[in-house]
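Chemist: Sequence plus predicted model, see below.
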Amino acid sequence: MQGIVRHGIGVSPGIAIGPALVLERRRVPVSQSELDQHQVTEELERLRVAVERAGVDLETLKQRTGEVLGTGVAQIFDAQVLLLKDSMFIGEIEKRIREGHQNVEWAVRQVGGDLSRRVANISDVYLRERGTDIDDLQERLLRALAGEEGNRLGHLDHPVILFAHDLSPSETAQLDVSRVLGFATDVGSRTGHSAIVARSLEIPAVVGLHDVTAMLNPNDTVVLDGDEGLVVVAPSETVLKEYQNKQISSSEHLVELMGTRDLVAVTRDGFRVKLTANIETSEDVESALAHGAEGIGLYRSEFLYLRRPGVLPTEEEHFEEYRKVLERMSPHSVSIRILDIGGEKILAGDTAVENDPSALLGLRALRLALRERELFKTQLRGLLRASAHGNLRIMLPFVSGVEQFLEAKSVIAEVHEALVSEGHAVADSIPVGIMIEVPGAAVIADLLGQEADFFSIGSNDLIQYLLAVDRTNDAVAHLYEPLHPAVLRVLRSLLKMAQDQDVPVSMCGEMASDPLTAMMLLGFGMEELSMSAVAIPLVKNVIRKVKQADTEWILKRALQLRTAREVEEFALEQQMALFPEGFLVRD
Ligand code: PEP
Ligand code: MG
């Protein structure tokens, strides 16, 4: 069959064309047998040797990943290294061998399966992804027991587009990047490991393609479009030609766009926009600068907590990490968001937080920080000490009311005072802002504006809660509509209240990085947009080619329409009129 098109989520931009390589997630076959008493010691010894071998493989991978992607990303293997030492995991396997007389392979599969199922039921998306670590480690141990090669995928002899049901952290890190043109997976989300790694490596990637691996034959030619989030399997000659041309022009334009790095983002009628980057670790700072970021609009500090599940970052680790970012970005501002995670993610750590299966609407982010004061204060101490090294802004996630914000500010003031009296250097005044991502907070922006130094709109969550659409659920993805009239109206009233109070507002959700929605934000008169580094040159180009007054007119008309589709069609029409040759073309 020719030209099968599958739509997914584009998580890393660019176009790749080449032969498909399907990575089969082959589970090592395992059978069950009952051990005689005299075989138990021998079986425990086999387990010990396999654990040792898996440990060595993981260290090799970690080192290699560190060399290619930096030590931050390499820490994704720490979860597996820790599991190898975990009594709940290895201890339970030993127990089943010793007391249940199970053969080692069977015990590994049973214990791994149990743990993996428990993690799969957790609602928190970050923690749920740790299930991949458990599955990965399970197969690694079984391969070691079967005497098979531990690290696959290391050597590819020709360039390929890699397809997999899912890519585990270790598979992603083993990729020979010089040979992988792009990758696509059946499952996955923007926040998954593979998406994060693809963006750092700057290779096109599409995830959430459902059954794409089942459609492929070995060596099928495929087109992968990371901008549009689609894959064409066995394209016709015409489609292939079309994408080859698009690839040439998009890579030429990318080079051209990168040339805009030092240009300011200003519209034709003189409206200046500050473009900043969203980052996850201090290693992302170089890419932010290379793409022309004028600051960091969102540093998602939760990655610091997720690198080593079960071990909480120390004050010193917080300090060092934030200091690096602040120093490198100085004099630009850096908005660091305090931890935005639910209870489960740090359950294995040394806190009294109870398991909260509804963490997304439960004990999350600032709510958790206010209940677990020591946890919050440790992060704040590191953060405030780092403030002496650059231009820090503190951002509080998931705020839903004034009281909560005031309480958080008083904890910040208390930590500030304590540090100063201990003789630490701390910046005198550090702006503290609110992420507007709970609809209720958007509605009371006038009240919050009396207390906050700035607002940053987290449109990813704001849309999800405003429209009651789980942002990670494929089945309702069509209802996740950034241009829904409800979203535009909430933004309009929120921005009006902020303007009346003179509170600066930025946007750090994905709405800022899409040229169409960014155009609307320009219409609202937003002066700061924060996005993943790779999106900056494109959005800057759009800004430089329009008049703010025109976008204001487009927005005004859009606000009179009744459905997201009408808004989108109208906005696209206007975009075509403004950019007849496409918005990639430079003046
Ligand atoms: C958001 O909600 O828009 C946001 C930027 O935060 P996150 O995607 O980390 O939830
Ligand atoms: Mg959010």
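Modeler: The structure has been received and is ready for your questions. On a predicted model such as this, the values are computed, not experimentally measured, just so you know. Numbering: from 1, shown residues only. Ligands and ions are numbered 1, 2, ... in the order given.

Chemist: Right, and ligand 2 sits closest to which residue of the stretch 301-450 of the chain?
Modeler: Taking Cβ to the ion as the measure, the point where the stretch 301-450 of the chain comes nearest ligand 2 is residue 437, at 4.7 Å. Every C-beta, even on glycine, is put in place using the N, C-alpha and C of the backbone.

Chemist: I'd like the distance between that residue and residue 340.
Modeler: As for residue 437, its distance to residue 340 is 9 Å (criterion: Cβ to Cβ, to the nearest Å).

Chemist: any common contacting residues for those two?
Modeler: Residues touching both residue 437 and residue 340 (Cβ atoms under 8 Å, 6 or more residues apart in numbering): 397-398.

Chemist: before we move on, back to that, if I pick the residue of the stretch 301-450 of the chain closest to ligand 2, what's in contact with it?
Modeler: The contact partners of residue 437, taken as Cβ under 8 Å, 6+ apart, are 397-398, 457-462, 465, 509.

Chemist: Over to residue 417?
Modeler: Applying Cβ under 8 Å, 6+ apart to residue 417 gives no contacts.

Chemist: buried set for the host helix or strand of it?
Modeler: Under the criterion of DSSP states H and E, residue 417 resides in helix 402-421. Of the residues in helix 402-421, those with enough neighbours to count as buried (16 or more other Cβ atoms under 10 Å) are 402, 404-405, 408-409, 412, 415-416, 419.

Chemist: Serialize the residues you listed to CSV and add fields for pLDDT.
Modeler: Rendered in CSV, the data for the buried residues of helix 402-421 read as follows (pLDDT from 0 to 100):
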residue, pLDDT
402, 98
404, 97
405, 98
408, 98
409, 98
412, 98
415, 98
416, 98
419, 98
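
Chemist: can you narrow these to ones near ligand 1?
Modeler: When those are filtered against ligand 1 using Cβ under 6 Å from any ligand atom, no residues are retained.

Chemist: sorry, back to before: okay, the residue of the stretch 301-450 of the chain closest to ligand 2 and residue 399: tell me how far apart.
Modeler: For residue 437, the distance to residue 399 under the criterion Cβ to Cβ works out to 8 Å.

Chemist: what's the longest strand anywhere in the chain in contact with?
Modeler: Longest strand in the chain, counting residues (DSSP state E): strand 15-23. Strand 15-23 is contacted by residues 153, 156, 158-164, 167, 171, 181-182, 203-204, 213, 216, 218-227, 233, 240, 243-244, 246-247, 250 when judged by Cβ under 8 Å, 6+ apart.

Chemist: How about stretch 566-580?
Modeler: 483-485, 488, 515-516, 519-520, 542, 545-546, 550, 554, 557-558, 561, 583, 585.

Chemist: Among those, which ones are in strands?
Modeler: Using DSSP E, none of the contacts of stretch 566-580 sit in strands.

Chemist: What subset of the residues you listed is buried?
Modeler: With burial judged by 16+ other Cβ under 10 Å, the buried subset of the contacts of stretch 566-580 is 483-485, 488, 515-516, 519-520, 542, 546, 550, 554, 558, 561, 583.

Chemist: State the pLDDT value of the residue lying closest to residue 115 once chain neighbours are set aside.
Modeler: For residue 115, the nearest residue in space outside its immediate sequence neighbours is residue 134; the separation is 5.3 Å by Cβ to Cβ, 6 or more residues apart in numbering. According to the model's per-residue confidence, residue 134 sits at a pLDDT of 82.

Chemist: what do you get for residue 69?
Modeler: Confidence for residue 69, expressed as pLDDT, is 63.
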